[in-house]
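Asker: Next input, structure requested:
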Amino acid sequence: MPTLRASQLATASSTPTPPRAPEPKPLPQGESVTRALAVKVDDECIDRWREILYDDFFPGKRSEMTPEQLRRAVSTPSTVDYMASQVYARFPNIPRLERACLLAACPKWRWLYVFKDNSSPEAYHAPIDPEDIRAVKEFLGVKKQGAKWYQVVQHV
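Answerer: The predicted structure follows:
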């Protein structure tokens, strides 16, 4: 069974991609972040994106796997990184952050999809349209919720 690591995401696809305009650069972020405007990404959502990722890189192979085999083959950090890259590819107005997904205790540990954070003035004051937030939430398939500010694990 193929196992996919985060370092393989950029090179694992055998389908050539057509040339496109250069992607916007991520916003400058400070060395640490403690709060983030985000939505919670639950385990069901991560599992659904894990399936999407695996199908994109290994078409037709997932039907041979159990959910547990899939979880062992594709890590959660690889999955949330892929999920964020797909958001950025689909929604050009969303501010680009190096730390697009973070962990928060709310009340149990959860992944968050981050729209902006307090690591720098640029990241904190990044303009974002509420309609873009709604569209990203729908695209990700997160449960019905509003984006809000969360306390996050200290990232350095």
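Asker: Setting aside sequence neighbours, what's the nearest residue to Q145?
Answerer: Here the nearest residue to Q145 in space, its sequence neighbours aside, is V39; by C-beta to C-beta, 6 or more residues apart in numbering that works out to 5.7 Å. C-betas here are computed from N, CA, C, even on glycine.
Asker: so the residue nearest to the spatial centre of the chain, which of the three states?
Answerer: Central residue of the chain (C-alpha atoms, centre = their mean): A84, 2.8 Å from the mean position. The three-state label given to A84 by DSSP: H, G, I helix; E, B strand; the rest coil is helix.
Asker: Next: P95.
Answerer: Remark: P95 carries the secondary structure label coil [criterion: three-state DSSP].
Asker: Doesn't the residue nearest to Q145 belong to a helix?
Answerer: No: when classified by three-state DSSP, V39 is found to be strand rather than part of a helix.
Asker: for it, what are its contacts?
Answerer: By C-beta atoms under 8 Å, 6 or more residues apart in numbering, the contact list for V39 reads 112-113, 115, 133, 136-137, 140, 142, 145-147.
Asker: Roughly how far does it sit from I133?
Answerer: From V39 over to I133 the distance is 8 Å, taken as C-beta to C-beta, to the nearest Å.
Asker: Same check on L112?
Answerer: Taken as C-beta to C-beta, the spacing of L112 relative to I133 amounts to 13 Å.
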